[in-house]
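*Asks:* only geometry, no sequence info:
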């Protein structure tokens with residue numbers, strides 16, 4: 001029988017719509033060093049030790065708060081912990097247990113045990129509800145609590161994260177600019193942030209099939225660091241919790257809540273325990289309503305709720321913003337030989353393996369502990385439907401200038417994610433009735449810098465300051481928009497605004513215009529270039545192109561998709577409604593297959609979409625939703641915008657640890 005340590009502590013409750021007999025409730029902390037315990041064991045041991053206070057039948061209709069995990073980045077052993085546990089009447093509804101084994105994160109959220117089948121949906125009120133525990137969301141939460149301390153004000157702040165843990169869905173080939181972090185947490189070095197590999201060299205190559213030509217490096221990475229962004233947000237999560245922010249991983253925000261004036265008043269997490277056919281399984285549990293006086297959306301690139309609100313409130317039209325344009329980034333972390341490792345070395349490339357009409361490039365960063373991150377970014381406005389970004393990445397690793405570095409090494413992790421490349425022209429009005437959009441959900445990536453973390457963090461900080469003023473001084477959230485335009489974010493994006501659209505007509509014109517912008521005009525061009533067609537409209541019909549013959553993987557440098565997918569630690573509950581939905585079930589076979597040669601089977605880096613013959617030998621689309629990396633490429637690139645990406649059950653998806 002595993003041994004557990006229990007601590008009963010008083011906890012100040014946020015405002016709750018549920019009636020309670022006391023302003024304070026109690027929470028339970030439990031740590032296990034072996035396997036997850038049986039719930040009955042927790043309750044029986046706990047009630048034996050605290051019979052007068054901890055009897056669940058005596059608890060008010062409230063919740064047990066989650067306990068803090070001491071080290072988010074620790075993967076040794078197996079730790080059980082209570083996350084927030086809501087109650088219905090006098091019975092506990094569910095708990096969250098997460099385990100770590102041999103460095104591989106696995107989520108027991110997919111094996112959640114339910115202890116109530118009540119039909120009442122819980123509703124809890126906060127001052128601020130933040131969706132997404134990435135750099136923007138956590139920066140907003142931290143800044144809010146800092147201002148509370150500075151002004152002597154108590155505001156309740158909740159962060160909801162769909163990943164099984166903070167950082168599980170965070171992927172970036174990250175050369176980190178600490179400008180925003182310097183402002184947010186000036187003592188980050190003393191506080192042992194996982195930022196300790198300064199950039200030592202910066203190279204920029206143009207690749208042909210067999211050669212690498214050195215170009216003048218346009219990146220100024222002096223003072224920047226090579227980091228794992230997933231580890232940084234774990235550290236930020238701990239800093240936020242120390243300030244009193246409540247973070248709840250494993251809960252997916254699936255629906256927006258509105259009041260009678262059509263203003264946003266929070267979100268609802270999706271129901272758990274629903275089968276593929278829509279029936280309720282034995283562990284069925286209603287989602288939870290998290291209501292906020294202000295709701296901040298920090299979902300990352302192509303956030304599903306953010307996109308709905310941008311459309312609902314016409315936020316692009318409000319400031320005449322252009323459509324967003326995107327790229328797909330595919331990445332691996334390798335462990336290489338000590339003699340080849342050069343901590344802090346940074347390399348970017350253009351050219352091969354992509355054709356001259358496709359914008360994109362690769363990155364290779366030397367991290368600590370003999371690890372490197374290598375990846376390929378492909379703009380999703382590519383024209384050839386036969387192009388396969390995953391296979392292009394496999395080709396890249398065989399380039400003579402790169403393969404020598406990788407040979408003898410091993411792959412530690414694999415992942416993929418889309419990123420915003422629209423820049424200043426594509427930033428929507430970020431304020432909606434009841435809240436605001438922050439970070440990559442709004443699109444603050446600086447394309448020529450290939451950096452968006454620092455701008456995302458700063459946007460979260462500015463939104464937090466606007467939210468605080470709104471709640472504390474009866475100001476308006478529109479101050480956020482004014483603050484953005486007068487901040488260094490806007491200055492950066494303005495100077496960088498013409499780089500991405502410069503490549504609309506190909507590689508050589510793009511390089512020419514970019515060089516003019518960077519070295520001569522220095523971002524002060526009197527003209528602002530426009531983006532071309534939306535990414536899904538850029539795809540040509542298959543008859544205009546020739547199929548691409550990609551080499552088979554050698555299982556040394558290049559690998560097939562299932563092998564890579566295993567390295568992403570991706571996991572979903574199989575028996576749940578598909579979170580990838582077709583608006584019209586006829587389009588895949590009648591349009592995508594016939595006219596575009598099934599591009600979804602190639603642009604997806606996880607083999608979610610496959611065409612297989614049915615009993616009549618007719619090709620039919622099969623959706624393997626359990627493979628999904630949550631990259632959102634399908635939601636962006638489908639030629640007829642027929643695929644809708646929605647959130648699966650909380651805790652599903654990839655489990656990144658070093659990305």
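*Replies:* Thanks, I have the structure now. It should be emphasised that the depicted structure is a prediction, and the values quoted were computed from it without experimental measurement.

*Asks:* what about the closest residue in space to residue 132 that isn't next to it in sequence, neighbour count?
*Replies:* Leaving aside its chain neighbours, residue 132 sits nearest to residue 298 (3.7 Å; criterion: Cβ to Cβ, 6 or more residues apart in numbering). For glycine as for every other residue, the C-beta is placed from the backbone atoms N, C-alpha and C. By the measure other Cβ atoms under 10 Å, the count of residues near residue 298 is 32.

*Asks:* sketch out the low-pLDDT regions of the protein for me.
*Replies:* Within the chain, the stretches with pLDDT under 70 are 1-119.

*Asks:* give me the helices and strands touching the longest helix along it, please.
*Replies:* Ranked by residue count under DSSP state H, the longest helix found in the chain is helix 453-473. Under the contact definition 3 or more Cβ pairs under 8 Å, 6 or more residues apart in numbering; DSSP states H and E, helix 453-473 sits against strand 123-131, helix 135-151, strand 174-176, helix 179-184, strand 289-297, strand 435-437, helix 479-485, helix 488-495.

*Asks:* so which of the ones you listed gets nearest residue 529?
*Replies:* Across the helices and strands packed on helix 453-473, residue 529 has its closest neighbour in helix 488-495 (12.7 Å, Cβ to Cβ).

*Asks:* give me the distance from the closest one to the chain's centre.
*Replies:* In terms of Cα atoms, centre = their mean, to the nearest Å, the centre of helix 488-495 is set 23 Å apart from its chain centre.

*Asks:* and the helices and strands packed on helix 453-473: which comes nearest residue 656?
*Replies:* Comparison of these against residue 656 by Cβ to Cβ identifies strand 174-176 as nearest, at 11.9 Å.

*Asks:* give the pairing partners of the closest one; include direction for each.
*Replies:* With DSSP bridges as the test, strand 174-176 is paired with strand 225-227 (antiparallel).

*Asks:* which residues touch the partner strand?
*Replies:* Residues from elsewhere that reach strand 225-227 (Cβ atoms under 8 Å, 6 or more residues apart in numbering): 174-176, 178, 194-199, 343-344, 346, 365-367, 373.

*Asks:* try stretch 179-198
*Replies:* Applying Cβ under 8 Å, 6+ apart, the set of residues contacting stretch 179-198 is 73, 139, 142-143, 176, 178, 223-228, 231-232, 234-235, 239, 343-344, 366-368, 453-455, 457-458, 461, 488.

*Asks:* apply 7 Å and report the result again.
*Replies:* Outside of stretch 179-198, the residues within contact range by Cβ atoms under 7 Å, 6 or more residues apart in numbering are 139, 142-143, 176, 178, 225-228, 231-232, 235, 239, 343-344, 367-368, 454, 457-458, 461.

*Asks:* now do the strands in the stretch 501-650 of the chain.
*Replies:* Using DSSP state E, counting those that start in this stretch, the strands of the stretch 501-650 of the chain run over 580-582, 609-613, 619-623, 643-645.

*Asks:* next up, the contacts around the residue nearest to residue 132.
*Replies:* So residue 298 contacts 130-132, 134, 136-137, 140, 438-439, 441, 460 (Cβ under 7 Å, 6+ apart).

*Asks:* just give me the closest of these to residue 165.
*Replies:* Comparing those against residue 165 with Cβ to Cβ places residue 134 closest, at 12.8 Å.

*Asks:* quick check: the closest one touching residue 234?
*Replies:* No - the pair residue 134 / residue 234 is not scored as a contact, 11.3 Å apart, by Cβ atoms under 7 Å.

*Asks:* and these two? Which one has more around it.
*Replies:* Applying other Cβ under 10 Å to residue 134 and residue 234 shows that residue 134 carries more neighbours, namely 31 against 24.

*Asks:* how about the contacts made by the more buried one?
*Replies:* Residue 134 touches 170, 233, 298, 300, 439, counting by Cβ under 7 Å, 6+ apart.

*Asks:* could you pull up phi and psi at it?
*Replies:* With angles defined as degrees, to the nearest 10, residue 134 sits at phi -100, psi -170.

*Asks:* count the neighbours of residue 139 for me.
*Replies:* Quick note: residue 139 (other Cβ under 10 Å) scores 33 neighbours.

*Asks:* how about the nearest residue to it, chain neighbours excluded?
*Replies:* In space, and not counting its chain neighbours, residue 139 is closest to residue 460: 3.7 Å by Cβ to Cβ, 6+ apart.

*Asks:* show me the contacts for that neighbour.
*Replies:* Contacts of residue 460 (Cβ under 7 Å, 6+ apart): 136-137, 139-140, 143, 298, 438-439.

*Asks:* and what of residue 630?
*Replies:* Listed by Cβ under 7 Å, 6+ apart, the contact set of residue 630 reads 169, 653-654.

*Asks:* try residue 215
*Replies:* Residue 215 sits next to 204-206 when contact means Cβ under 7 Å, 6+ apart.

*Asks:* between the contacts of residue 134, which is closest to residue 562?
*Replies:* Closest to residue 562, out of all of the contacts of residue 134 and judged by Cβ to Cβ, is residue 170, at 23.3 Å.

*Asks:* and the closest one, which of the three is it?
*Replies:* Following DSSP: H, G, I helix; E, B strand; the rest coil, residue 170 is assigned to coil.

*Asks:* partners of the helix or strand harbouring residue 349, with directions?
*Replies:* Assigned by DSSP states H and E, residue 349 belongs to strand 345-351. Here strand 345-351 has these sheet partners by DSSP bridges: strand 201-207 (parallel), strand 360-366 (antiparallel).

*Asks:* sheet-wise, list the partners of the next helix or strand along the chain from the last one with their directions.
*Replies:* Following strand 360-366 in sequence order, the next helix or strand is strand 371-379 (DSSP H and E). Strands flanking strand 371-379 in the sheet, each with its direction: strand 326-335 (antiparallel), strand 360-366 (antiparallel) (DSSP bridges).

*Asks:* adding mean neighbour count and distance to residue 264, write the ones you listed out as TSV.
*Replies:* Listed next are the strands paired with strand 371-379 as TSV, based on neighbours: other Cβ atoms under 10 Å; distance: least, Cβ to Cβ, whole Å:
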stretch	mean neighbour count	distance to residue 264
strand 326-335	24	25
strand 360-366	23	36
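
*Asks:* go through the ones you listed and name the closest to residue 546.
*Replies:* For residue 546, the closest of the strands paired with strand 371-379 is strand 360-366, at 19.9 Å, according to Cβ to Cβ.

*Asks:* how far does the closest one sit from its chain's centre?
*Replies:* 20 Å.

*Asks:* for that strand, which outside residues touch it?
*Replies:* Residues outside strand 360-366 that contact it (Cβ under 7 Å, 6+ apart): 173, 175, 226, 327, 341-350, 354, 372-379, 396, 402.

*Asks:* neighbours of residue 338, just the number please.
*Replies:* As a burial measure, residue 338 scores 7 neighbours (other Cβ under 10 Å).

*Asks:* oh sorry, the question was meant for residue 585
*Replies:* Neighbour count for residue 585, taken as other Cβ under 10 Å: 11.

*Asks:* any idea how far it is from residue 304?
*Replies:* From residue 585 over to residue 304 the distance is 21 Å, taken as Cβ to Cβ, to the nearest Å.

*Asks:* how about the contacts made by residue 542?
*Replies:* Residue 542 neighbours (Cβ under 7 Å, 6+ apart): 385, 595-597.

*Asks:* go on, residue 132?
*Replies:* Residue 132 touches 161, 298-300, counting by Cβ under 7 Å, 6+ apart.

*Asks:* which of the residues in the one helix or strand residue 402 maps to are buried?
*Replies:* In this structure, residue 402 sits in helix 400-406 according to DSSP H and E. Applying a neighbour-count criterion of 16 or more other Cβ atoms under 10 Å, one finds 402, 405-406 buried in helix 400-406.

*Asks:* fine, thanks again, bye for now.
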